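[1] just the structure for this:
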Amino acid sequence: MKQGTITPHPGTRTYLSPPLASVSGVGEIDLRELARKLLRRKWTILTVTAVVTALTALFVLQLTPRYTATAQVMIEQRQARVVDVEAVLSGLTGERETIESELRVLRSRGLAERVIAKLRLDRNPEFNPAVREPSPLAGLFDLLDFAASAEPVPEERLLDLERSQLVDTFLDSITVEPDGRSRVISLSATSEDPALAGLVANTLAELYLVEQLEAKFEATHLATEWLSGRVEELRERVQASERAVEEFRQSAGLVEGKGVTVAAQQMSELNTQLILARTQRAEAEARLRQVQALLESTGGSESAAEVLSSPLIQRLREQEAEVQRRAAELATEYGPKHPRMINVRAEAADIAAKIDGEVRKIVQSLRNEAGVARAREASLSGSLAALRNDVGQSNSAEVRLRALEREAAADRSLFEAFLARLKETSSQDEIQRPDARIISRADIPVDPAFPRTRLMIAGGATMALFLGLGMALLIEHLDPGFRSAEQIEEALGLSGLGLIPLLGGRRKSNSAPETHVLEKPISPLAEALRTLHTAVLLSNVDRPPKTVLVTSSIPQEGKSTISLAWARLIARSGKRVLLIDGDLRRPRVAEALGAAGGPGIVDVLAETVSWREALQTDRASGLSFLTPGSRTASPPDLFGSEHMRSLLAAVAKEFDLVIIDSPPVMAVSESRILARLVDTTVFVVAWASTPREVVRLAVRQLRASGGSVAGAVMSMVDVRRHALYGYGDSGYYQTSRYYAGRG
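    Purely as a prediction, here's the structure:
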């Protein structure tokens, strides 16, 4: 007998289906599972969708239609002004801050009050609740408010509240928003009356432009008044400052000529003459020094510029040259002592003396010129020094004069600027234009903007559908039990051993399942039990189990019925099968098989009789079985004894299959004890009823006890409903139709 581990033998064949993720991907598995869940709850989805959609339609049809009209206003980026030379000056810009500011103006309470007053909306029940016909519910609220208020509210306070509520209602009925990234603003008004909606939108746009003009007129008027007063003040200030400049100039003797004082002009002229005198003196002294230097050198005077430029000296040089030529000619004919030679030499000496005298005159002239230049320079220097002394004394007066002139110039500039602004502002009084214009007036709407009947009903139907889907998924999530072998394999890691169908009203006779398998050996129930038997044998191919424990988590899951029907069906096929009723507290085998009282397994384990003596036989199927027999105070101690182990070893040699019907795992501990003694365990799970956590805990306890679990079999399966779930084992419904002769 196999004990202590649940690890399959190397030759064991399990019936766990291969991971679907390896076939079609995790995402596809989730979609299939989701589709199956939704298909199972289709009537829930359809019912919720239909009911919610009907309620939505009923609610929408009861709503009062409201119409929306839209006018469009464009903010002008530039504004024409006649007085400007460029003819165009900047007005409101198209910046986002400007657009946002104008949106606030359009939604201001002041503009709203003007629209209300012009259209007399305070008399319209749609905007003013005070003029509506009181309803019983409103009267009840008024009575409660009156009872709750300790003091009466003053009439002025009531009027203020009514006016504030009227403005709030009006602002709630309009929508002001920019049109994309343009400078266009859309003004939408909503009302139960389509004509009133268009009228409100157009009136709001018109009064917005009127308010702009009024604001400009008021600003221009105020600016003109202020500028007029300011210009008069500046005019008086300019006159006073200019008068102060002239009076100070006359008192200080600062007479101007061509923009500067006379002393300054004189000093400038003397300074210029002094510079020229110094230049002339330097030139004269330079020429004198040059001539003196040439005179000191031999023959140097002849090369002096003044000498060379003298006409007299030039003639004397010509005469000297002519005499020297004649002397040369006479020297060829006469001797040096010849009278003619002596005369020529005397004539040459006379000419040389004249040249030397003339040169000395030139040098003396240069000396005189240099002296005159020095004297003139000295005179100019003295005059300039005296004039500088006079100018220095008037510097402080000029500094004060310049300060007064600057102050007068500043006053004059400010006066001219304000005067020009006053003229420009005054000329704008009659040509003001608003910084916006209406580019599209609101038309009377034909179709209501609210409610959008089709859209709202479609939206309600969509929400209803999602609500139905959510409820279906919630119901599926709250489904307590397992509905397929796939779920058991995923949650518990157990092989699915098969599905045992629920007979109920679909069986052909009123017999119990253990009798039905004998009466209809080819029925779906019988074939399901054969599938279970085959799966148990194949759970260990090398060593097919001979002792099998059948248990469940809690009572009423059909484990005893499966044990009886399985054992009778296999025994009917000619196999030697022993069924042991191990549920000593609530035995069922003896009652189901109509056995008489007598010794049972308790007596065998107590060694009062042998197992062969306690053995009974079912005549209908040839099944051998052991009933509990006598009662015992401690079933766990009895099943945990060495006698129980020896008994199972003995009967396993005599029978082809030994099935033990044990009590539920969560009820008592006998199942965990017996699981260690048998070859394998078949775990029964009631279809769609046993809570999953309970099943998970029971399997965990079986494994902790060291027993080997061949797998789980689902009992009491409603095959028709199970077929709707779309699981891999849902084809069992078609199989059952085949066995029933309908497929």
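
[2] what about the stretch 501-650 of the chain, any weak spots by pLDDT?
    504-510 (pLDDT under 70).

[3] need the longest helix for this protein.
    Taking DSSP state H as the criterion, the chain has its longest helix at helix 194-252.

[4] who does that helix touch, helix- and strand-wise?
    strand 67-75, helix 96-106, helix 109-119, strand 174-178, strand 184-191, helix 395-427, strand 436-440 (3 or more CB pairs under 8 Å, 6 or more residues apart in numbering; DSSP states H and E). (Glycine included, C-beta is placed from N, CA and C.)

[5] and the pLDDT at Ile660?
    Ile660 is assigned 96 on the pLDDT scale.

[6] pLDDT score for Ile99?
    87.

[7] coming back round to it: got a markdown table for the helices and strands packed on helix 194-252, with mean neighbour count and distance to Ile580 too?
    A markdown table is the format used below for the helices and strands packed on helix 194-252 (neighbours: other CB atoms under 10 Å; distance: least, CB to CB, whole Å):
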| stretch | mean neighbour count | distance to Ile580 |
| --- | --- | --- |
| strand 67-75 | 21 | 83 |
| helix 96-106 | 14 | 89 |
| helix 109-119 | 16 | 92 |
| strand 174-178 | 16 | 83 |
| strand 184-191 | 21 | 83 |
| helix 395-427 | 15 | 117 |
| strand 436-440 | 16 | 94 |
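
[8] now the ones you listed as JSON lines including distance to Val200?
    Output for the helices and strands packed on helix 194-252, formatted as JSON lines (distance: least, CB to CB, whole Å):
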{"stretch": "strand 67-75", "distance to Val200": "7"}
{"stretch": "helix 96-106", "distance to Val200": "13"}
{"stretch": "helix 109-119", "distance to Val200": "7"}
{"stretch": "strand 174-178", "distance to Val200": "7"}
{"stretch": "strand 184-191", "distance to Val200": "4"}
{"stretch": "helix 395-427", "distance to Val200": "36"}
{"stretch": "strand 436-440", "distance to Val200": "14"}
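
[9] ok, now how distant is Ser365 from Val372?
    11 Å (CB to CB, to the nearest Å).

[10] hmm, I typed the wrong one, I wanted Ala596.
    179 Å.

[11] likewise for Val604?
    For Val604, the distance to Val372 - CB to CB - is 171 Å.

[12] likewise for Lys575?
    Lys575 is 166 Å from Val372, by CB to CB.

[13] ok, now Pro445?
    111 Å.

[14] who has more neighbours out of those two?
    Remark: of Pro445 and Val372, Pro445 carries more neighbours, 20 against 14, as counted by other CB atoms under 10 Å.

[15] what's around Glu225, how many residues?
    11.

[16] repeat for the one 10 residues further on
    The local packing of Arg235 (other CB under 10 Å) involves 15 other residues.

[17] likewise for the one 4 residues further on?
    Around Gln239 there are 14 other residues, counting by other CB under 10 Å.

[18] what of Lys42?
    Neighbour tally, Lys42, other CB under 10 Å: 12.

[19] for the closest residue to it other than its chain neighbours, what is the enclosing helix or strand?
    Take Lys42 and drop its neighbours on the chain: the residue closest to it by CB to CB, 6 or more residues apart in numbering is Ala472, 8.0 Å away. Using DSSP states H and E, the element containing Ala472 is helix 453-477.
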